[in-house]
Structures are given as structure tokens and as C-alpha cells.
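**Student:** Next comes the sequence, and after it the predicted model I'd like to discuss.
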Amino acid sequence: MTIDPQEIGKRLREQRETTKTETSSLNEQLALIDVKIDEYDELINKIEKLSGKIVDVQVDPQDFDIKRIISTTIEGGNGSGTILEPVLNERRRELSFDARLLTDSGGIDHVNETLTFLQEHNIASGEPLVYDRNNNIPLGIGTVGNDAGTSVVGLGTTTLINAATYYPLVINPTKVKLFQSLDDYNAGINTVGFATFGLPIVGNYSWGA
């Protein structure tokens, strides 16, 4: 095998130039990375120096009751160490239902003595409900099978009483049975029975939970 010193020298010079080019490119990349690191360090420094105060907390409307707050968190900004103390107030929540019979696409079942709301009620059995007829015709009631044919809302009374309090037995997320008193609810007797009279052609009524 013949060794050509000139060819070897040429290859070595080419390799040197290639290495210099790659090194130059690598140095440029490292310089760009250093610039980005400096920019992020500056940004982090600014964030750590941010200061301010929470002026208001917006809470999305909820169709259910909140009895207590487990925890609160702050996302975004420099909220480290911040403590929020929630304050709960009682409120009135309206639940609407269609006072027509089920056979008329309403929410009143006079056979099974149930009332179906237009949306999930999110109430608990035994929770007091205040009836509001919203200036509509009072909802007609009849006798029920377990109270010897006597109206459960008072002798001679044929409608639910506006602004009166009733107690529900939850059947499902939209349906309840009603009792006039907490004692009747606890005993499971005298379910409020709905009549086929005193019902509007159309109209929404509500309960204040």
C-alpha cells in the first residue's frame, strides 16, 4: 500500500475546516441559549418582586347548596402564602316546575303524587321548601290514599297554600313527593295529593329552597 503524504495532508486540512465550522455553529447555539437563560432569569426576578392584593373573588352561580368550604386555592401570579377565608350566607334558591299534568307534558303526577322540576333540584329529603305560585292559579290538591280521604293541608282547602312550607321526599334528581309537615315526612304519612282541577293550561311555578 502506497502512502500519499499530499492526500493525507489534504484530508486533514478538510477535517480541520469542518471541525472549525461545527464548533462555530455550536458556539452560536450556546450563545443563543445563554441569552434565553438571561431572559428567563430576569422574568423570574420580576415575578418574585410582584406585589398586590386580592380585591374581589367571583364565584360562578350554583344550583346547589354549599354547607362548608373545604379549601381555597389561587392559581396564577404570585399567590404563594395567600390565605382566603370564605364567608357563607343563606340565600333563597328558586326551583321551577310545570304545573300541568304529566299527560299534558307537565310535571304533576296525580296518580303517584309526585312533582317533577324542570331541572335537577339538588335538594335533600326533609329540606323545607316554600311554595310560590308566581301569581298563577293555585295548584289544586286532592285527598290521598293513606289519610282517610281528608285533605292534608287543612279542612276545606283544595289548593296548595302560597308561601307555605312543605317538606319533600326525594324520588330522583328531578322528582319529589311533598308533605305538609315535618312530622308527616318523618312518619311517611299524608303525602300531598295532586288533583286534576285547579291546573293551568300552561305556566311555571317555583319553590324557594
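**Tutor:** Nice, thanks for sending it over.
**Student:** burial measure for N190, as a count.
**Tutor:** 21 (other C-beta atoms under 10 Å). C-beta: built from backbone N, CA, C; applies to glycine.
**Student:** Assess the claim that it and D184 are in contact.
**Tutor:** Yes. If you go by C-beta atoms under 8 Å, N190 and D184 touch, sitting 4.4 Å apart.
**Student:** Please pull out the lowest mean pLDDT helix or strand from the chain.
**Tutor:** strand 204-208 (a mean of 59; mean pLDDT, DSSP states H and E).
**Student:** what's near enough to touch I171?
**Tutor:** 114, 177 (C-beta atoms under 8 Å, 6 or more residues apart in numbering).
**Student:** What does the pLDDT read for it?
**Tutor:** Per-residue confidence (pLDDT) for I171: 96.
**Student:** what about the longest helix along the chain, distance to the chain center?
**Tutor:** The residue-count maximum for a helix in the chain (DSSP state H) belongs to helix 5-48. Remark: helix 5-48 is offset 54 Å from the chain centroid, using C-alpha atoms, centre = their mean, to the nearest Å.
**Student:** G193: neighbour count?
**Tutor:** 22.
**Student:** do the same with I189
**Tutor:** 14.
**Student:** secondary structure element for it?
**Tutor:** Applying DSSP states H and E as the criterion places I189 outside every helix and strand.
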